[in-house]
Each structure stands twice: as structure tokens, then as C-alpha cells.
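S.K.: Fold the following for me, if possible:
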Amino acid sequence: MSWFSRRKAPKPQAESSDRLQMPDDIWTKCPGCSSILYTKDLRRTFGVCPKCNYHFRLSADQRIPILTDRHSFVEMDAELRTSDPLNFKDSKRYKERLRRAEKKSSYSEAVVTGRARILDIPVMLGVFDFSFLGGSMGSVVGEKLTRMIEHGINERRPVIIVSASGGARMQEGIFSLMQMAKVSAALSRLGKAGLPYISVLTDPTTGGVAASFAMLGDVILAEPKALIGFAGPRVIEQTIRQKLPEGFQRAEFLLEHGMVDRIVSRGDLRDELAKILQNFGAVH
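M.R.: Numbers count the residues shown, from 1 in each chain. Below is the predicted model:
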């Protein structure tokens, strides 16, 4: 059974990675402090509220130019598509959901992988796009990440994965759950090759992604107030029938309890990644 298939790669969108794409409205309301923000100002701060530091969710298109040197990102495996191994249907056919997600996000899957440079340091970079079916991990997501890691081993490049995911994709059942072990095994080979893996957790990073490679980084960074965990707070409260501590599963709570190494604001992330890579011995 073929788990994924090749199709013609999508046409690149002109200048799509040159600037931050925020909503077209003139004004944007901040979910954190309810301030009404001038959207052009929000673009200049990379989607971070200047009043309360709330970090808006970004698409892969928006995030990649913030992290990488100008025009340095070269996408890999853009042609891979899932072949719907279970022929899944609930209220809609899985294939129809995939078509709508691709149209909405402009990408073929929930993760974008490729080669890039960060302050002239060559890296392999994977960035999740939450707008594609909640950043869920199916067989193609696992395959793209595994191939990226293997290229990193062969080319002696560090690996960085920026996670934003609701977890494994239920429409692919066991095939999606297998990706947890598959990507984790590839990262183990990366570590044995003496190459660093940096995991960046953004809002939200949950489910099977959080339970596998997202928490396996040699260094784990997180954006402020990012939701990070396996099951959601509501599910946990309903299961244990207890009120959870304030801020439970937020990046600050995980930092306090030793699950995250550092919380880094979005505007400082590229410099922080470069410093960490230099400390690991990564060279230009």
C-alpha cells in the first residue's frame, strides 16, 4: 500500500516569503489584552502585540523569513501528498478536507521542510503550519521530517523543527501514530552522528507531536505563553476531576518545571538560534 504519492510541486508564490503576511484589515484586536492594534505596526513586530507581548499564530510562510537569512530557504519534498491509506470518511471525505486545507494554507501538507541559513549558518529547517488541518501529523509529515533529518546527517547540518500542531492526524489512524517513532528514530541517528537538534515550541504544540520529537531536542525553546502538552487542559480536568494550576501547560509553567530550556520572544529567536548553533560548534 502506498502511503503517500508524488504530484507536481505547487508553483512558488512571488515574493511570498519576503514580508510578514498579517490580516488585511486595518485594525487587529489582540486576544491577549483586547487592545486595537494597527495591523501595519503588528507586521513590524512580527505578529507580537507591543502592549502585552501576545504572540499571534503565524503560518509557515510568515515564520520562515523571520528565522532565516533572506532568500536562503529552499524547500524540499513539496510534491509529496498523502494517498489516503484508509479511504477515510466522516462528515466529509478525507481527500476533500486535504484539498480545502491545501487551498487555505497554500502548502501541500502541515509541515514545510528545507535547507536554510541562519546568520550564515547552514541548517535543515522544518516549520509546521497550523492552518493546515491544525498542523496535524500524518504519514507525509513524518516522511518529510525524516527525509529532512537524514539529509541533515548526510550534509552535516544541524536540524531545527518549529512545532505548531494538534497532534497525530486521526484520519490516518495507525499510519499517523507510526510517525512518532519514525521521526524519533531519525533524530536518534542524528544525535549519534554528533549533530544538534533544536526544537522550537509555538502555540499550540500538543498530542503526538509533543509526545515525541517536539520534546526530544538537545535544546528546547518556546515562545511566550505557548500551549504545550499532550492532552488539552479541558480533557485533563474532566478526567481527573480537579482544577488545574493557573498557567498549566503554558510555556512559563513548563520552564519552571524543567521541561523547556528557555522562553524566547519571536523577535529574538533568530539570534538565539545562531548563538546556540555556534555553541554546538556549527560553522558558516
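S.K.: nearest residue to Phe130 other than its sequence neighbours?
M.R.: Distance criterion C-beta to C-beta, 6 or more residues apart in numbering; nearest residue to Phe130, sequence neighbours excluded, is Ala164 at 4.4 Å. Just so you know, the C-beta spots here come from the backbone N, C-alpha and C atoms, and that holds for glycine as well.
S.K.: Could you tell me how many residues sit around the one you found?
M.R.: A count of nearby residues for Ala164, using other C-beta atoms under 10 Å, gives 30.
S.K.: Ok, Lys95 next?
M.R.: The tally of other residues near Lys95 (other C-beta under 10 Å) stands at 16.
S.K.: same check, this time on Gln238
M.R.: The local packing of Gln238 (other C-beta under 10 Å) involves 10 other residues.
S.K.: what secondary structure does it sit in?
M.R.: Put simply, Gln238 is helix when judged by DSSP: H, G, I helix; E, B strand; the rest coil.
S.K.: Number the chain from 326, please
M.R.: Let's use 326 as the start, then, which means that last one is Gln563.
S.K.: contacting residues around it?
M.R.: Under the criterion of C-beta atoms under 8 Å, 6 or more residues apart in numbering, Gln563 has no contact partners.
S.K.: for the one 5 residues further on, same thing?
M.R.: By C-beta under 8 Å, 6+ apart, Lys568 lies in contact with Glu562.
S.K.: quick one: which helix or strand includes it?
M.R.: Using DSSP states H and E, Lys568 falls within no helix or strand.
S.K.: separation between it and Arg595?
M.R.: Distance from Lys568 to Arg595, counting by C-beta to C-beta, to the nearest Å: 39 Å.
S.K.: Can you show me the strands along the stretch 326-475 of the chain?
M.R.: In the stretch 326-475 of the chain, strands defined by DSSP state E, counting those that start in this stretch lie at 329-331, 352-354, 361-363, 399-401, 405-407, 436-443, 446-453, listed in chain order.
S.K.: Next up, the contacts around Met505.
M.R.: When contacts are counted by C-beta under 8 Å, 6+ apart, Met505 is found next to 462, 467, 493, 533, 536-538.
S.K.: now the lengthiest helix in the chain against strand 446-453, angle please.
M.R.: Using DSSP state H, we find that the single longest helix of the chain is helix 498-517. Using axes from the mean of the first three to the mean of the last three C-alpha atoms, to 10 degrees, one finds that helix 498-517 and strand 446-453 are set 160 degrees apart in direction.
S.K.: and the next helix or strand after helix 498-517, what's its mean pLDDT?
M.R.: On the C-terminal side of helix 498-517, the closest following helix or strand by DSSP H and E is strand 522-530. Averaging pLDDT along strand 522-530 yields 97.
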